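> have a look at this fold, sequence not included:
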């Protein structure tokens, strides 16, 4: 089995100015290819430490994927570092040069002198075309090992990996054992409680293994099987998956790439039903998540972001007396918002939230994190009260998560 | 100067199921404390490799911060690994036990048997209280070095670092030289072009240094100075900052933690002006970004997410003939949306977008990524056409970025 290692280059990563989404992407792609990833290292744009980390990676792994440092500025040292580790001279690669020139022609921009530097590559390097930016990637073979260098800009890295690196790796690996994972996702339950409910499955740590982990507003169980083929691994995963879902229903909402918004979308599409949302404290986040799903225009009709009381009254027909009597953050106003949204948009379903996202605006009676969520559909309106802790953006996310999960359960008819 | 290293534990990080936001947070905090961070390593929940990486980190750095693996399940091995590297026995820590019990009492949940495991810590470890979850953190001293272990759940890690770890580190470091960075942010310009415009500043790589880097929809210049005090470092940064902003005006929009949404918010607040948005292809993302800013309810009145043509007509008073004649994705409809939003919400400004986010829905005449943005205010409406490339979510983000930047320039009166 091929062992891979990631080396992420960039002082901005060590200063915390950039969240490293490339690492997660590359890790997912390697797992899908059945390539084991045991280590990931991050270093700044520093010549000595880059050489040290790439050398160590090459010593303990078969495949080293370096991301970042291929840009046009003098900070960008990855071409030089790979050449040094591989003991190859750097030279002008005419193929790379032509690609860079073509990129500038195509995007109607003038090429700057700096960009020439991006065509100087280790001798004999195989070029990975970059249709999304100026920096070509490269593959260098060292004995039976390889270093692949890709730019750090996420869309360039992802585009190049999918189009060129993935097929290249697939052609090179002799698949002996594949590691296949499936991640089940749960909402409305904490990690400890969930782990306790399925403790017997977690302690059976042979093959497949089951591991729990929590992220904001959801808990996941990852089932991983090792087998001689993808099909065999999936056969081993399926019974475990069925048992877990059965035990943890109705917290289970989806698997792998599925999200609450994609699951809600699938449910609506299957039923040929439509949705409108009315948001106060989430300020558009719920609609944004729903419309992140391709094709969501088929079921998502509109959203009302009624931040002011005036907007709640004018757009959603909320009775101002309700707001005076119970306050904008109340069960009654949430219900009125949902009903107003459904009536206005003439949709099958509507979802409304009103709450206090903080950090200010809370009182002892209505603290930061207090939220009311309402779902209208099938001729009735249901409401729920929640209380969340966290920063403003965390609370917004937790509310969107609870709201989408509430809507999912209502559409599925689970009460 | 203290050298720190991060060790992130979690198989989910190497399977790419989680994006590591903790690393960026910790890196920022260490930079703010003037502690150099040279390496970050990530390993799975694997006993051998955890020991290997923590041992290496302790050999080359003074301070090792380990994140993850403190949970209640049998996968969670960080307590054991730190004890092994430090050559200390693991024992029940009654102080930690009481904290865990108190946490469960407070949050009205029943403690599971698994959680007891979280109170077994290396002998003599100093405890870091966790008010946000069940896992206490720990500090272990090994000769003149230290290992700090924190849970991997971002809100727990962040809460504990801010409340306990940061003050602890501040008390321990003798500040001799501080490294202070300031990041200037630019929109509406590419990295190469920007680098060329300020090439002389970039090549003066002494102290302070200036380094460019690009992320989706913006370019940044990081100015970093080393000096005996924070004040002296800032004095060194200021003249460079002034020159860069002067040369790159009007692309410059803010620095450090500032975002386009926070800058737009500040501009509106200063002018005591209000805003409404009307979104089609961004589906709530612009409103969501605006309302991520604390206090945004002072100037953000409402948002219309008019995904369907019907919603554009009903909520924004867009003339259906305009849609028939030019299509929903057109300059005229963008302008009508902005005008309708401003009239309906009675705000000083409005921002409207209509476009094709993809991946489907494009035609040769109106391809995926074609977007029209309109800003209304001060008695007139301006529109711009853009063409973006990327995935659906990338295009949504690029549109939100261009829209907020367009609004910023209009409010600032830059034409």
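Looks like it arrived, so ask away. Note that the structure is predicted; figures quoted are calculated from it, not measured.
> flag every buried residue along the helix or strand of chain A with the lowest mean pLDDT.
Within chain A, no helix or strand scores below helix A:199-203, which has a mean of 81 by mean pLDDT, DSSP states H and E. By neighbour count on 16 or more other C-beta atoms under 10 Å in any protein chain shown, the buried set for helix A:199-203 is A:201-202. Heads up, the C-betas are built off the backbone N, CA and C, glycines and all.
> what residues does it touch?
Helix A:199-203 is touched from outside by A:195, A:210-212, A:240, A:243-244, A:247, B:73-74, B:114, with contacts defined as C-beta atoms under 8 Å, 6 or more residues apart in numbering or on different chains.
> tell me how far it is from the chain's mean position?
27 Å (C-alpha atoms, centre = their mean, to the nearest Å).
> within its sheet, name the partner strands of the following helix or strand past it and how each one runs.
Next helix or strand after helix A:199-203 toward the C-terminus (DSSP states H and E): strand A:209-215. Strand A:209-215 pairs in its sheet with strand A:218-227 (antiparallel), by DSSP bridges.
> what is the helix or strand that the strand it pairs with is followed by packed up against?
Sequence-wise, the next helix or strand downstream of strand A:218-227 (DSSP H and E) is helix A:230-248. Counting contacts by 3 or more C-beta pairs under 8 Å, 6 or more residues apart in numbering or on different chains; DSSP states H and E, helix A:230-248 packs against strand A:178-186, helix A:191-197, helix A:199-203, strand A:218-227, strand A:252-255.
> redo these as JSON lines? Include distance to residue B:41.
Formatted as JSON lines, the helices and strands packed on helix A:230-248 follow (distance: least, C-beta to C-beta, whole Å):
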{"stretch": "strand A:178-186", "distance to residue B:41": "21"}
{"stretch": "helix A:191-197", "distance to residue B:41": "25"}
{"stretch": "helix A:199-203", "distance to residue B:41": "27"}
{"stretch": "strand A:218-227", "distance to residue B:41": "21"}
{"stretch": "strand A:252-255", "distance to residue B:41": "30"}
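> quick one: secondary structure of residue A:393?
Per DSSP: H, G, I helix; E, B strand; the rest coil, the secondary structure class of residue A:393 is helix.
> who are the neighbours in contact with the closest residue to it other than its chain neighbours?
Nearest non-adjacent residue to residue A:393, counting by C-beta to C-beta, 6 or more residues apart in numbering or on different chains: residue B:292, 5.5 Å away. Residue B:292 sits next to A:283, A:392-393, A:396, B:261 when contact means C-beta under 8 Å, 6+ apart.
> and residue B:292, what pLDDT?
We note a pLDDT of 97 for residue B:292 in this prediction.
> which ones are touching residue A:23?
Taking C-beta under 8 Å, 6+ apart, one finds A:6, A:8, A:40, A:67, B:13, B:16, B:19-20, B:42 in contact with residue A:23.
> wasn't it part of a helix?
Yes - per three-state DSSP, residue A:23 lies within a helix segment.
> okay, now residue A:189: neighbour count?
15 (other C-beta atoms under 10 Å in any protein chain shown).
> and it, its phi and psi?
Reported as degrees, to the nearest 10, the phi and psi values for residue A:189 are phi -150, psi 150.
> pretty sure it is touching residue A:251, no?
Yes - judged on C-beta atoms under 8 Å, residue A:189 makes contact with residue A:251 at a distance of 4.5 Å.
> which neighbours do the two have in common?
residue A:219.
> tell me where the stretch 51-200 of chain A has helices.
Along the stretch 51-200 of chain A, the segments classed as helices by DSSP state H, counting those that start in this stretch run A:78-86, A:94-106, A:154-160, A:166-172, A:191-197, A:199-203.
> now tabulate the ones you listed in CSV and tack on distance to residue B:234.
Below are these laid out as CSV (distance: least, C-beta to C-beta, whole Å):
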stretch, distance to residue B:234
helix A:78-86, 32
helix A:94-106, 38
helix A:154-160, 32
helix A:166-172, 46
helix A:191-197, 43
helix A:199-203, 51
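> where does the prediction get shaky in chain A?
Applying pLDDT under 70 to chain A flags residues A:1, A:174-177, A:203-205, A:415.
> chain A - how does it break down into domains?
Domain segmentation of chain A under automatic domain parsing yields A:3-172, A:178-255, A:260-412.
> save these as a markdown table, and put in distance to residue B:29 too.
What follows is these, written out as a markdown table (distance: least, C-beta to C-beta, whole Å):
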| stretch | distance to residue B:29 |
| --- | --- |
| domain A:3-172 | 7 |
| domain A:178-255 | 19 |
| domain A:260-412 | 15 |
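> for the ones you listed, which one sits closest to residue B:50?
In terms of C-beta to C-beta, the element of the domains of chain A nearest to residue B:50 is domain A:3-172, at 11.0 Å.
> so of the contacts of residue A:23, which ones are in strands?
Of the positions in these, A:6, A:8, A:40, A:67, B:42 sit in strands, assigned by DSSP state E.
> for the residue of chain A most remote from its centre, which three-state class applies?
Within chain A, the residue lying farthest from the chain centre (C-alpha atoms, centre = their mean) is residue A:321, at 42.3 Å. Secondary structure, three-state DSSP: residue A:321 is helix.
> thanks a lot, catch you later.
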